[in-house]
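Asker: model this:
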Amino acid sequence: MSATVQSGFNSILGERAAFFWLGCGAISAGILLHLPMLVHAHHMGDNRLVGMPMDPWMYLGMALIALGVPLSCWGALPKHRTPHGDAAGTSYEAHDSTPLTRWHAGVLVVLTLGLVIDVMKPATLGFVLPGMSREYEISQSKAALLPLIALTGTTIGSFVWGWLADIYGRRVSILLSTILFASTAICGAMPSFFWNLVMCFLMGLSAGGMLPVVYTLLAEVMPPRHRSWVLVLVGGTGLIGGYLAASAAAHAFEPDYGWRVLWLQGFPSALLLLALARLIPESPRFLAEQGRTSELARMRERFGIVPRPKVVAPQDAATAHQRHNGLTAALTIAALSWSFVNFGLLLWLPSDLQQRGYSSELASGILASSALLALPTVALAAWLYSRWSSKWTLVGTVLLTLIGLVGALLPASLLSWPPLLVAVIAILIVGTNGMIAVLLPYTAENYPLGVRGRATGLVAGSSKFGGVAVQGFALVGLIPTLGGAALALLVPMTVSTGLIAWAGRETRGRSLRELEA
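Answerer: Residues are numbered from 1 along each chain as shown. Next up is the predicted model:
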């Protein structure tokens, strides 16, 4: 291996980079060894593996993956975690006047791809379940275990990878998540339903960690005057892109190759993310605390990030602590409420519309028409967040969602009028899209570097918990009406609106150093 290439590898991971790439090679070989059996099933014309014994190549592939995952993880972790001299606690940030460069653009592309991957996996569940249920000949209640297990993995992953990002660094956390995500692509080659559950839990665990770390890293490398709109726009684009990618893949590949290919696509997407790894920077203060001065110098050259004097907080410490705890409670409650609206109320909406007498085609048309508002909603949220107020944009989106919930409680006689029903649904969809677009960026801006990953992971995990709870409700046959779900969510949504208004603070255009103080 040439010195130049070796230097490039070291610039990404450090002294043990060769072991990381060796582990990646073993994982890749292990996944490829699963493909002959799938090719054979495809040539048989049914793409079915159920009941087929695993061949020797698959056992060898699983052994290589079992060897490659710990090897690549060990190669990615830094040798030293202790703070390095006087660098510990130093603030690093670009000046407000720093322009966006091609390096910023590269980071935006790669991290948006990471968000698309994060969102794509939960979105793929709906396309996988019908084919999986037919192949394994399982009941609807048993099939519901798959989204329950997978969404549980994404929820736990948000906490785990947020914690890892604070301990080992942002870039390392993203790479570890990507490695685990790639290795669990063999979920699509599992002959039994049980092993699908195991692998899909691990896949969810890995994918769920991307969301909080991406927001955390973006907040730390973007110039203050660009930070707000970049966070919201990248987040919103990733969310919409994930759903579009899942539906496009299902449309293009599932008819010919079956449902399993939708899981296997995680392998090439993870490889693409690894190929672009050199564009992912590390948190500058983490580099300083590890004494990685050469990488820190590159951060200054590429992103304009320099040591900045600390800002002393004039506020009383006890009052600041109280408001900080209030904000954590507000953001967590808001995320939980959003998750129940998104994974529950909106998920049950088609069935509720059909019970009101609408045909399935008309119900789908109403939702599709309302969903067209998602992209302009994200663009408007980004503009308001960066130009008007970050705090009050978040409050406004929560309040808009609350108005939609109140509209859902209107008498059935009124909601039978189609224009009013469409207006209520549109308000809910616009409110929820705007709310999730600004909730996590606002969280990432409000917490100090040492706990930023964990705090964003807490809110991200809370935003997925509703999916776990809703699948649990479905297993016991508890599917409330539109009005019943809206009524149950009124109180927590109202509480979160009030708490954010009281404990939240303005982050628009403010330095992270000032916010950390």
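Asker: ranges for the helices of the stretch 51-200 of the chain?
Answerer: Read by DSSP state H, counting those that start in this stretch, the stretch 51-200 of the chain holds these helices, from start to end of the chain: 56-76, 102-136, 140-143, 145-168, 170-183, 193-207.
Asker: do the stretch 251-400 of the chain as well
Answerer: Counting by DSSP H, counting those that start in this stretch, the helices of the stretch 251-400 of the chain are 260-264, 266-275, 284-289, 293-303, 317-340, 346-355, 360-371, 374-387, 390-408.
Asker: just the helices of the stretch 51-200 of the chain: most buried one?
Answerer: Of the helices of the stretch 51-200 of the chain, the one with the most neighbours on average (mean count of other CB atoms under 10 Å) is helix 170-183, at a mean of 26. The way it works is simple: take the backbone N, C-alpha and C, and place the C-beta from them, glycine included.
Asker: if you average pLDDT over it, what comes out?
Answerer: The average pLDDT for helix 170-183 rounds to 87.
Asker: and that helix with helix 56-76, angle?
Answerer: Using axes from the mean of the first three to the mean of the last three CA atoms, to 10 degrees, the direction of helix 170-183 lies 180 degrees away from that of helix 56-76.
Asker: only C-alpha atoms, please: export helix 170-183 in PDB.
Answerer: The C-alpha trace of helix 170-183 is given here as PDB (Å, rounded to 0.1, in the frame of the first residue of the first chain):
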ATOM      1  CA  ARG A 170     -18.700  11.900  15.800                       C
ATOM      2  CA  ARG A 171     -17.000  10.400  12.800                       C
ATOM      3  CA  VAL A 172     -16.100   7.200  14.500                       C
ATOM      4  CA  SER A 173     -19.700   6.700  15.600                       C
ATOM      5  CA  ILE A 174     -21.000   7.200  12.100                       C
ATOM      6  CA  LEU A 175     -18.500   4.700  10.700                       C
ATOM      7  CA  LEU A 176     -19.300   2.100  13.300                       C
ATOM      8  CA  SER A 177     -23.000   2.500  12.600                       C
ATOM      9  CA  THR A 178     -22.300   2.100   8.900                       C
ATOM     10  CA  ILE A 179     -20.300  -1.000   9.400                       C
ATOM     11  CA  LEU A 180     -23.000  -2.700  11.500                       C
ATOM     12  CA  PHE A 181     -25.600  -1.600   9.000                       C
ATOM     13  CA  ALA A 182     -23.700  -3.100   6.100                       C
ATOM     14  CA  SER A 183     -23.200  -6.400   7.900                       C
END
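Asker: distance from that helix to the middle of the chain?
Answerer: Distance of helix 170-183 from the chain centroid (CA atoms, centre = their mean, to the nearest Å) equals 13 Å.
Asker: and stretch 255-274, by the same measure?
Answerer: With CA atoms, centre = their mean, you get 18 Å for stretch 255-274.
Asker: now do that stretch: distance from first to last residue.
Answerer: Start-to-end span of stretch 255-274 (CA to CA, to the nearest Å) is 29 Å.
Asker: quick one: mean pLDDT for it?
Answerer: 84.
Asker: re the thing from before, which of the helices of the stretch 51-200 of the chain comes out lowest on mean pLDDT?
Answerer: Note on the helices of the stretch 51-200 of the chain: lowest mean pLDDT is at helix 140-143, with a mean of 75.
Asker: tell me what that one is packed against?
Answerer: Applying 3 or more CB pairs under 8 Å, 6 or more residues apart in numbering; DSSP states H and E, one finds that helix 140-143 contacts helix 102-136.
Asker: next, the angle from the helix it packs on to helix 293-303.
Answerer: Going by the same axes, to 10 degrees, helix 102-136 is angled at 100 degrees with respect to helix 293-303.
Asker: what about helix 102-136, distance to the chain center?
Answerer: Remark: helix 102-136 is offset 9 Å from the chain centroid, using CA atoms, centre = their mean.
Asker: would you map out the domains in this protein?
Answerer: 3-308, 317-516 (automatic domain parsing).
Asker: about what we covered before: any chance of TSV for the helices of the stretch 51-200 of the chain, columns distance to residue 489?
Answerer: Below are those laid out as TSV (distance: least, CB to CB, whole Å):
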stretch	distance to residue 489
helix 56-76	40
helix 102-136	20
helix 140-143	25
helix 145-168	18
helix 170-183	31
helix 193-207	24
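Asker: residue 424: which of the helices of the stretch 251-400 of the chain is closest?
Answerer: When the helices of the stretch 251-400 of the chain are compared by CB to CB, helix 390-408 sits nearest residue 424, at 3.7 Å.
Asker: what residues sit buried inside that closest one?
Answerer: Buried positions in helix 390-408, judged by neighbour count with 16 or more other CB atoms under 10 Å: 390-402, 404-408.
Asker: output stretch 124-144 as PDB, restricted to C-alpha atoms.
Answerer: Output of stretch 124-144 as PDB, limited to C-alpha atoms (Å, rounded to 0.1, in the frame of the first residue of the first chain):
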ATOM      1  CA  THR A 124     -39.000  -0.200   3.900                       C
ATOM      2  CA  LEU A 125     -40.900  -2.200   6.500                       C
ATOM      3  CA  GLY A 126     -44.300  -1.500   4.900                       C
ATOM      4  CA  PHE A 127     -43.000  -2.800   1.500                       C
ATOM      5  CA  VAL A 128     -41.400  -5.900   3.000                       C
ATOM      6  CA  LEU A 129     -44.200  -7.200   5.200                       C
ATOM      7  CA  PRO A 130     -46.700  -8.500   2.500                       C
ATOM      8  CA  GLY A 131     -44.100 -10.600   0.700                       C
ATOM      9  CA  MET A 132     -42.500 -11.800   3.900                       C
ATOM     10  CA  SER A 133     -45.900 -12.900   5.300                       C
ATOM     11  CA  ARG A 134     -46.700 -14.900   2.200                       C
ATOM     12  CA  GLU A 135     -43.300 -16.600   2.100                       C
ATOM     13  CA  TYR A 136     -43.200 -17.600   5.700                       C
ATOM     14  CA  GLU A 137     -47.000 -18.200   5.900                       C
ATOM     15  CA  ILE A 138     -47.300 -16.300   9.100                       C
ATOM     16  CA  SER A 139     -50.400 -14.500  10.600                       C
ATOM     17  CA  GLN A 140     -50.800 -10.800  10.600                       C
ATOM     18  CA  SER A 141     -50.200 -10.600  14.400                       C
ATOM     19  CA  LYS A 142     -46.900 -12.600  14.000                       C
ATOM     20  CA  ALA A 143     -45.800 -10.400  11.100                       C
ATOM     21  CA  ALA A 144     -46.300  -7.300  13.300                       C
END
